[in-house]
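sequence first, predicted coordinates after that:
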Amino acid sequence: MLHGGKSYVSSPPAVSNDSKCLLVCTGNTVSVFSVSTGLLINELEGHQALVTSVVVVLNTAKLFNYCWTSSLDGTIRYWDFGAPELLKTIDIKLPIFSMVIPGLLSNQDDKDSKQHDLFAYVSIEDISDPGNKPKHMRGQIRKCNLTASKLVRGLILKENEQPEFLTGSPSGEFLGVQNKRTLHIWKVPAVDSKLPLAKKMKLHHTKNFTTFAFHPNKSIVAAGDISGRILVWRGFGHRTLSEVDGKTPAKRKHEDDRPGVRGDDDAESCSTWHWHSSEVKFLSFSIDGAYLYSGGNEGVLVLWQLDTGKRKFLPQIGSPLLYFVHSPDPTLSVLPCSLPDMWSGVAGGFNFDRSAGLVALPTENYRIQFYNLLHDREVSEVQICERNHQPSDDITVVVNLVSLSVDGSLMSTVETRLPEDGVGGLICLKFWASEAQKKDFKLSTIVYEPHRDAGISAIAFRPGRQMVVSSSYGGDFKMWVHNSTPKSRDNVREYSGWVCHSVGSYKGQPMTAAAFSGDGSVLAVAAESVITLWDPDMNSLVGVIGETPTPILSLSFAGMSEYVVSTSHGSRPQLSLWCLSKLTRSWSYNMSIEAVACMENDTSFAVLALLSAPNDSNESDKNLTVTEDGVILLFDISSPVPRATWLVRKAKGGGLSFVQASQESHLKPKNSDAVVPSALLAYINSDHEYLIFDSLSKEQPDFYLSKTKEGMALEESGRSGYASIFGELPQFELKTTSHAPIIPSERPWETIFSGPSHALPPLTKLCSDFLESLLEKRTSAT
C-alpha cells in the first residue's frame, strides 16, 4: 500500500539549525528532507489532522534537532526529528490554525540562567455551540503555557470571525495578525515579566492586507495588500507600546512630521512601494535587515533596498510564490511555490498511463504535469500553450481534455481559447509524441476548429494503431490517423503529421463520449442517450444499443471482453453495463459516478461513486443530495453484486485507475519470490492525495474517511451492502387478497414467443412444448 500526493506548501516550512534538513508540513505528518540531496530522511507521524505549523528550536550548538508542531487535531507536539521521536503532547482540544513561539528566539544555551516557562501564541477556532448569539466570533488568539501543558485561563488576545494567520518578529519581541484593512500588533513581554501581554496597537490602510513582516532588529513593519502595494512603517509603537513597560510615553509628533501615516497610527513615517500587479503573497526581511523580499502571482522574487526603495529581480520562477524562509546558513533560503491547481482553467481531470504508473494532470499554467504514483515525484511537464506570466483574474485558455495512448508514447490534448467580448474564441486539437518513458512530448500537429465551432466531448486512442477518435457536441465524430510520407532523395520527409481519415454521425445527435474496445476492433460512440457501434477501419455502423434516461458522459470497455460500461449524470444519473453480442443492457444502478477504471486483461472494473444523503427538509429517499465523500465499488461483468467496497473521503472530483507495478516497486511483498500484485488500484481525491492498494487483497486500506454526518449514521445503524450505498428500502404493508387458481395453458407455445427475441427459451424447450401440445392426451386404461 502506498500513500502520496500530499501538498508541500499548505504551511511555511522550517530549516534545521545546521541547515542540513528541511521540515515540511505534508498533510497529517511532517516530512524531513535532506537539503543536499532532496531525499526524504524521516517522517513525524502522530497528528490526526492537517499539520499547520512547524517551529524549530534554535540553539547555537547545532547538536540538537528539536521542533514543535501544531495541528487541526487540537494538539501541540514536541519532537526530536533527528531520531525521530515524539517527546511531548499537549492537547488543547481546539483546532490550531497557526502557532508562534517567541521564547525560542531567546538564548536557550545559558545553563546558569533561571529557567522560565515557555509560552506559545496560537490562533484557534472556537468549536463550541454559539447558542443564540447573533454574531459568533469563531477565531481566537490564545496564549498557551508549553511548560505546564495548558492554555492560559481567561486570556483571549483577540476574537475574529475566522481564525487568522499569526506572524512573529525574528527577535521574538513582537506578534501580529492582519484583519482586512488593519494590522494588530502586540509587544511580547519579557521572559521574566509578570505581565501577560502588552497592549496592542493598530496600523490602518485603505486596502485589505494580504501579508506582513517584522524587521529583525528595528521597529519597522512592512505589509502588502491586494492591489500589489507594499507599505513600510518606521518607528511604530514608540508611543503606544512603551506605556506598558512603565516608560514615559513619547510625545506625539505633528501630522506634518509623520509622512504617509494615517490618522492616529503610532508610527514615525510610512512609505509606499508598488511593482506587483496583483496581491502580494509574502514579505520577508533579510537577516541583516538591509533588504526586503517580496513575491506574488508573477513568479518573480523582488529584492527591495530598504533605505532607497530601489529594486532588483530574480528571473521568472514560473509559479506563484507563497513563502520565503531563511536558514542559519546565509547562502541558503527556501522559496516555496504554489502547486499547479488542476481545477482552475481545467475541465479534463485525470488521465493515467497505467503501464508506467503515471498520472497526467492539467494545471492552471497551461501545462500537463506527469507524476509518478509509485515513486511520489514529478517526472516532467509539458507546456500545452503559451502562458502570459502576468497574473490575471480572467482565465483565457481552458485545457479541456487529455488522452494518452496505451504505451504512453502519444498524447492528444484539446484546449479552448475563451472569446473576449464575444470575439476570438478558438478550439484546438493537438497531437504530441515522445519516447514512452521520458515523457518529453514534442508537438506534432495542430488542428484548429476540428469540428467547426462545436466543442469536443471526448478523445481516445485506438490500441495497437496510430489512430485517434474525437467526438463533438456538434453531432459528428472524426477518425484521425498519422500520415507519414516517404523520404525524399535528401532523406528528409516532406510531411509527417495527423490527418482526418473519416467522419461519422448518427441522426444528427450530439456525440458525448467515445471509446475503443480492448483489441481495437470496435469503436463505441455515445449519441446522447444511445450507444452506436462502429467498425473503425470501414467507418460503418454495425449496431445500436438503447437507451439511458440522461445523456451518456463516459464509455469504457471491460478489458478484452464484449462488455462496455457507461455513466450518465444529470437528474437521473446511471451506471450501466452493456453486452455487445446481445445488444442489451446486463444491469444498471442509479448512482452518480465520478470515475471508472477497467483492468486491461481481466473482466473486473471499479467505479468511484458519490454517496447520497437525504435532504434536511424531506427525509424521504426520493430527495437526496450528493455529498463530497464516496465509495469505490469493484465489479465483475458476471454479477451486479460488488466484489468489494471501500468508503473514501473527498471523492467529488477524484480519479481512479488500475496501474502496473514493476518488480522494483515498493508494493512488492517482502518475500523475494513473491509476485507484485496485478490488480493495483490507484485512487486520487480532490486534494491530490492518492493511495495505491491491491484491490483483490483482504487487507483493508486506510482512506482517512472523515466522520461526516452521513458516515456516522452508517456506522451507528450498522448498514451494509445495498443499504449502505442507497439507503433503506421503503416499508410497504402487505395486503392479503384472494387469488384465483392458476391453470396452465394447454397450448403454451402460442404465448411463449411473446417475449423479446434475445430472451427466448432454449430450442429443446421450445420443441418439446410445441410437440407435446399437438399430441392428443389419453388416460391410461387399467
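Arrived safely. Numbering: from 1, shown residues only.

so Gly260 touches Gly235, yeah?
No: applying Cβ atoms under 8 Å, one finds Gly260 not in contact with Gly235, separated by 11.9 Å. Just so you know, the C-beta spots here come from the backbone N, C-alpha and C atoms, and that holds for glycine as well.

where does Ser128 land on pLDDT?
According to the prediction, Ser128 has pLDDT 78.

over to Met712?
On the pLDDT scale, Met712 gets 31.

quick one: the strands in the stretch 401-550 of the chain?
For the stretch 401-550 of the chain, the strands defined by DSSP state E, counting those that start in this stretch cover 410-417, 426-433, 442-448, 456-461, 467-472, 477-484, 496-504, 511-516, 523-527, 530-535, 540-545.

where does the stretch 401-550 of the chain dip in pLDDT?
Low-confidence segments of the stretch 401-550 of the chain (pLDDT under 70): 436-437, 485-495.

contact partners for the residue most central in space within the chain?
For the chain, the residue sitting closest to the mean C-alpha position, by Cα atoms, centre = their mean, is Asp687 at 2.5 Å. Contact analysis of Asp687 by Cβ atoms under 8 Å, 6 or more residues apart in numbering lists Gly5, Ser7, Lys650.

can you redo the residues you listed as TSV with secondary structure, distance to Ile456 and neighbour count?
Output for those, formatted as TSV (DSSP: H, G, I helix; E, B strand; the rest coil; distance: Cβ to Cβ, whole Å; neighbours: other Cβ atoms under 10 Å):
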residue	secondary structure	distance to Ile456	neighbour count
Gly5	coil	28	21
Ser7	coil	31	16
Lys650	coil	28	19
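
switch these over to a markdown table; also include pLDDT and distance to Trp432.
Formatted as a markdown table, those follow (pLDDT from 0 to 100; distance: Cβ to Cβ, whole Å):
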| residue | pLDDT | distance to Trp432 |
| --- | --- | --- |
| Gly5 | 70 | 24 |
| Ser7 | 75 | 28 |
| Lys650 | 84 | 31 |
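
what is the nearest of those residues to Arg138?
Checking these against Arg138 with Cβ to Cβ, the nearest one is Lys650 at 22.6 Å.

how close does the closest one sit to Tyr690?
From Lys650 over to Tyr690 the distance is 11 Å, taken as Cβ to Cβ, to the nearest Å.

likewise Asp353?
14 Å.

next one: Met467
Counting by Cβ to Cβ - Met467 and Tyr690 are separated by 31 Å.

now Ser529
For Ser529, the distance to Tyr690 equals 33 Å [Cβ to Cβ].

kindly report the same for Val57.
As for Val57, its distance to Tyr690 is 33 Å (criterion: Cβ to Cβ).

ok, these two, which is more surrounded?
In this view Val57 and Tyr690 are compared by other Cβ atoms under 10 Å, and Tyr690 has more residues nearby, 22 against 18.

surely that one meets Leu680?
No: with contact defined as Cβ under 8 Å, Tyr690 does not reach Leu680; the gap is 11.8 Å.

so Arg229 makes contact with Cys270?
No: look at Arg229 against Cys270 with Cβ under 8 Å: they stay out of range, at 11.3 Å.

which one's more surrounded, those two?
The residue with more neighbours, out of Arg229 and Cys270, is Cys270; 21 against 18, by other Cβ under 10 Å.

got a pLDDT number for that one?
93.

which SS class is the residue nearest to it when sequence neighbours are not counted?
The spatially closest residue to Cys270, leaving aside those adjacent along the chain, is Gly260, at 3.4 Å (Cβ to Cβ, 6 or more residues apart in numbering). Three-state call for Gly260 (DSSP: H, G, I helix; E, B strand; the rest coil): coil.

any idea how far Ser269 is from Gly260?
Separation of Gly260 from Ser269 (Cβ to Cβ) stands at 6 Å.

which neighbours do the two share?
Here Gly260 and Ser269 share no contacting residue, scored by Cβ under 8 Å, 6+ apart.

quick one, helices of the chain?
709-717, 722-726, 763-774 (DSSP state H).

among those helices, which gets the worst mean confidence?
Least confidently modelled of these is helix 709-717, at a mean of 34 by mean pLDDT.

stretch 507-518 spans what distance, first to last residue?
Chord length of stretch 507-518, first to last residue, is 27 Å (Cα to Cα, to the nearest Å).

and stretch 458-470, by the same measure?
6 Å.

show me how far that stretch is from its chain's centre.
On the basis of Cα atoms, centre = their mean, to the nearest Å, the separation between the geometric centre of stretch 458-470 and that of its chain is 28 Å.

just the pLDDT for Met342.
According to the model, Met342 carries a pLDDT of 36.

returning to that earlier point: nearest to Glu594, of the strands of the stretch 401-550 of the chain?
Closest of the strands of the stretch 401-550 of the chain to Glu594 is strand 511-516, at 14.9 Å (criterion: Cβ to Cβ).

CA-only coordinates of the closest one in CSV, if you can.
Extracted as CSV, the C-alpha positions of strand 511-516 are listed here (Å, rounded to 0.1, in the frame of the first residue of the first chain):
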residue,chain,number,x,y,z
MET,A,511,-21.7,12.7,-29.7
THR,A,512,-21.0,12.8,-26.0
ALA,A,513,-18.5,10.0,-25.4
ALA,A,514,-16.2,7.6,-27.3
ALA,A,515,-14.0,4.5,-26.6
PHE,A,516,-12.3,1.7,-28.4
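
what packs against that strand?
Counting contacts by 3 or more Cβ pairs under 8 Å, 6 or more residues apart in numbering; DSSP states H and E, strand 511-516 packs against strand 456-461, strand 467-472, strand 523-527, strand 552-557.
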